[in-house]
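**Student:** Sequence first, predicted coordinates after that:
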Amino acid sequence: MKQSLFESRHKAEWEQFALLLDRLERGKEASRVARFPQDYRRLCHHLALARERGYSSFLVDSLQHQVLRGHQQFYRHRSQLGDQALQFILADFPRRVRQQWRFVLASGLMFFGSLIGVGLLVYLFPDLIYTLIPAPQVNDLQSMYDPVAGHLGRTADRAASEDWVMFGYYILHNIGIAFQTFASGFLFGLGSVFFLLFNGLSIGAIAGHLTQIGYGQTFWSFVIGHGAFELSAITLSGAAGLQLGWALVAPGRLPRGEALRLAARDSVALICGVMLFLLLAAFIEAYWSSMTTTSPLTKYLVGAGLWLLVAAYLLLAGRSRHAPE
């Protein structure tokens, strides 16, 4: 391709990129940072073509100058994105959880209330388990957590090399539950209420049954560690779904569409934090909970520490005198 045709084809694009660089260097155009890497890589490609085809030094030097300026902006804004992600994890997410404490409280009461309540009922009335969970599933759970059979952990059904596979499985499974609980909030919050109660009843029934038949140590030592992040994530997913539902039920003076849009912005931020919790839960479940060489007492202590860590993080992280809750 002749240089004149190459220039005429891409001149407008180069001028637009130069204008964007000017604005970025003045601290403007933050909304276009997301597409900046794509534009920058395209300019680098044009520079490589100009050199390869032996175009004039004037064109090559001009493109190279833009590439150098773009290089500085690229790494500056990439660093800013990393800082923003860290800021979200360390402060913005727990602060947002506290701002939505009413929905978090309602979700927690439904989920943990049903979990604890049905767990106690199944423990006191053992036959109740079969009205909540099918008998074949109950038998599978008993076989899995039987301390004599040793089916749980790495030493029997699962080798250490399979931990990575299980890590991926746990992520997909947990994200499915969380997304289901959150997205069903669009049904005026009723879907989130249903899945919070359903999951609470299911987990509580399993916990109560296994404890009642004497498999409690196997069960509790396995779930206490990752449960801190996993159960908290389900609660926060429910809170995000309830927030969506409440925007539809009681939009206030706003049109329902606008109220839903504002609620979705806040609830999606909660879900981003939930994804982090589920990632941590899957990692702990795959690499720590499945260990059979660790004593139950150690797992209880570590699990208690993780629950305290989650509580402290959500209640205290991001607090400052200059940052209102």
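**Tutor:** Good, I have the coordinates.

**Student:** which residues sit in contact with Ile213?
**Tutor:** 126, 142 (CB atoms under 8 Å, 6 or more residues apart in numbering). Just so you know, the C-beta spots here come from the backbone N, C-alpha and C atoms, and that holds for glycine as well.

**Student:** Got phi/psi on Leu54?
**Tutor:** You called it Leu, but residue 54 is Gly. Dihedral angles phi and psi of Gly54 (degrees, to the nearest 10) take the values phi 70, psi 40.

**Student:** Quick check: it vs Lys2, distance?
**Tutor:** 11 Å (CB to CB, to the nearest Å).

**Student:** Tell me where this protein has helices.
**Tutor:** Ranges of helices in the chain, per DSSP state H, are 3-25, 36-52, 57-87, 93-99, 101-124, 129-132, 135-145, 163-183, 190-212, 216-249, 256-284, 296-316.

**Student:** Quick one: list the elements packing against the fifth one.
**Tutor:** Here helix 101-124 is seen to pack against helix 129-132, helix 190-212, helix 216-249 when contacts are counted using 3 or more CB pairs under 8 Å, 6 or more residues apart in numbering; DSSP states H and E.

**Student:** Between the ones you listed, which one is closest to Phe179.
**Tutor:** helix 216-249 (7.5 Å; CB to CB).

**Student:** relative orientation of the closest one and helix 296-316 in degrees?
**Tutor:** Calculated by axes from the mean of the first three to the mean of the last three CA atoms, to 10 degrees, helix 216-249 forms an angle of 20 degrees with helix 296-316.

**Student:** tell me how far helix 216-249 is from the chain's mean position?
**Tutor:** Helix 216-249 sits 12 Å away from the centroid of its parent chain (CA atoms, centre = their mean, to the nearest Å).

**Student:** helices or strands next to that helix in the packing?
**Tutor:** So helix 216-249, by 3+ CB pairs under 8 Å, 6+ apart, packs with helix 101-124, helix 135-145, helix 163-183, helix 190-212, helix 256-284, helix 296-316.

**Student:** what comes up buried for the shortest one?
**Tutor:** Yep, that's helix 135-145 we're talking about. 138, 141, 144-145 (16 or more other CB atoms under 10 Å).

**Student:** pretty sure Ala304 is in contact with Ser221, am I right?
**Tutor:** No. Using CB atoms under 8 Å, Ala304 is not in contact with Ser221, being 11.7 Å away.

**Student:** Of those two, which one has the most company?
**Tutor:** Of the pair Ala304 and Ser221, Ser221 is the one with more neighbours under other CB atoms under 10 Å, namely 22 against 13.

**Student:** Tell me who's in contact with that one.
**Tutor:** Contacts of Ser221 by CB under 8 Å, 6+ apart are 296, 299-300, 303.

**Student:** Out of the residues you listed, which is nearest to Ala106?
**Tutor:** Gly303 (25.9 Å).

**Student:** How about that closest one: what's its closest non-neighbour residue?
**Tutor:** Ile224 (3.1 Å; CB to CB, 6 or more residues apart in numbering).

**Student:** From Leu196, how far out is that neighbour?
**Tutor:** Taken as CB to CB, the span from Ile224 to Leu196 is 21 Å.

**Student:** what do you get for Phe167?
**Tutor:** Phe167 is 26 Å from Leu196, by CB to CB.

**Student:** Who has more neighbours out of those two?
**Tutor:** Leu196 (29 against 16).

**Student:** In terms of distance to Leu254, which of the buried residues of helix 135-145 ranks first?
**Tutor:** Leu141 (46.8 Å).

**Student:** Perfect, that will be all.
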